[in-house]
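# Sequence and predicted structure below; questions after.
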Amino acid sequence: MGHGRVVGGLRALLLVVLLAFVTGCADFPDDGQRTWQDQVENSGELGGPPSVQQPPPPGSPGGGQSPPPQSSGPQQPAGCVDPDPQVVATCLSPVSAIAVLPDATSALVAERDTGRVLRVQRGTAPQVIATVPVDAAAGGLTGLVLSPSYAEDELVYALASTGSDQRVVRISPGEAPKPVLTGIPRGPGGALGVDPASGYLLVATGGANADPASLAGKVLRIDTLGRPAPGNPGGTAVYASGLTDPQGMCAGPDGSAWVTDRAAGRDVLHRVAPGTLPAPAWTWPDRPGVAGCSVNAGVLVVALTGTKSIFALRPGENGTFTGDPQTLLVDAYGRLSAAAPGPDGLLWLGTTNKDGGAGATPKASDDRVIRIQPPTGGGASRA
């Protein structure tokens, strides 16, 4: 009997040890394949937005495209409330340009048709900063950038089409917009940027005008008072020629500047250089509707309105690209128009689903501004 009690006690003790071991290991990952992501620091109220989904390898089902971001449930936008944590602002008019503020959690947004410039931040109602007089039928408000010395002067520059011309205006806190450069012929498109090498303003104008004296169809380089920048060819405001219907401008950390253009029969991406613009660095014969662009962490992203996606390229040397191109966010948010980098490395995008364009299918919360982690892919050079 004494021996039986000892054996029974040992069995009970062994059972307790086994239960403790199983319980202690319950939180360990299994042997299945998993995808791990680095935690995003300083991501503000987004709580760490997920990365843009990367496409499967070439040749696999769905290669080259990514599905819409997966939500945690079946929630859909209701009115001006969008449950997507990546959506910063909702119920806007079509968004034409975005300028991210230094705090990285808020941005200034241009509404193309209304001429309004709004400050947006997740969890806060959009605040109207200024209203620029525009002729929506002629293009409206198409460009928006912060002053190169925004930290000191808090100035903002916008590109607008009016009833008589296209012009650059300066927006000061609490003041009405003031003209900086007027008399640009009205034409399709238009975009604003900042020359990363010099800090001068870059103005992309449409019209396909070969006349070197005309400001149409050009890249203009001016100072913040509207004067031609030193070093421009010919001493005028014209820096480069050869645009038709420009839609976006962006700059890379290497000092390069890029402009997207809806040219005759194709969409193109140019690397900006003085004189006549060089041959396109990238061409889309299928015309997906190039719009705004942004350079984040060595990846050049082009927003596409027609295919409702973004296109990612990795710039190499001398205007070439390396790696494979990526088409992402296909039909995730609709017609993507504006793109801008944040100082924290995140990518801001705007939509234009209310404009009635081909494929426009507005949701209850359109139009919207989105903030996400940028893609990490690129593309091989093609002309």
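Here it is on my side, so go on.

# got the contact list for residue 143?
Contact partners of residue 143, counting by C-beta atoms under 8 Å, 6 or more residues apart in numbering, are 96-97, 110, 157-159, 168, 190-193, 203-204, 249. C-beta: built from backbone N, CA, C; applies to glycine.

# Beta-bridge partners for it, please?
residue 159 (DSSP bridges).

# Residue 168 versus that one, what's the distance?
Distance, residue 143 to residue 168, by C-beta to C-beta, to the nearest Å: 8 Å.

# shared neighbours of the two, anything?
Counting by C-beta under 8 Å, 6+ apart, the residues touching both residue 143 and residue 168 are 157-159, 192, 203.

# Could you report the neighbour count for the closest residue in space to residue 79 that isn't next to it in sequence?
In space, and not counting its chain neighbours, residue 79 is closest to residue 364: 5.9 Å by C-beta to C-beta, 6 or more residues apart in numbering. For residue 364, the tally of surrounding residues (other C-beta atoms under 10 Å) stands at 13.

# Also residue 363?
16.

# distance of it from residue 306?
From residue 363 across to residue 306, the span is 18 Å (C-beta to C-beta).

# Show me where the stretch 151-300 of the chain has its strands.
Here the stretch 151-300 of the chain has its strands, by DSSP state E, counting those that start in this stretch, at 156-161, 166-171, 178-184, 191-194, 201-204, 218-222, 238-241, 246-251, 257-263, 266-271, 275-276, 282-284, 290-296, 299-304.

# how about the CA coordinates for the fifth one, as PDB?
What follows is strand 201-204, C-alpha atoms only, in PDB (Å, rounded to 0.1, in the frame of the first residue of the first chain):
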ATOM      1  CA  LEU A 201       9.600  77.000 -56.800                       C
ATOM      2  CA  LEU A 202       8.900  74.800 -59.700                       C
ATOM      3  CA  VAL A 203       5.700  75.400 -61.700                       C
ATOM      4  CA  ALA A 204       4.500  72.800 -64.300                       C
END
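
# Quick check: chain neighbours aside, which residue is closest to residue 134?
Nearest residue to residue 134, sequence neighbours excluded (C-beta to C-beta, 6+ apart): residue 115, at 3.9 Å.

# what's around the one you found, how many residues?
Neighbourhood size, residue 115 [other C-beta under 10 Å]: 22.

# Over to residue 140?
Residues near residue 140, counting by other C-beta under 10 Å: 23.

# Poorly predicted segments of the chain, please.
Applying pLDDT under 70 to the chain flags residues 1-75, 377-383.

# go with 50
Applying pLDDT under 50 to the chain picks out residues 1-51, 53-74, 378-383.

# Spatially central residue for it, please.
residue 339 (1.9 Å; C-alpha atoms, centre = their mean).

# Which among the contacts of residue 143 count as buried?
Among the contacts of residue 143, the ones that count as buried by 16 or more other C-beta atoms under 10 Å are 96-97, 110, 157-159, 168, 190-193, 203-204, 249.
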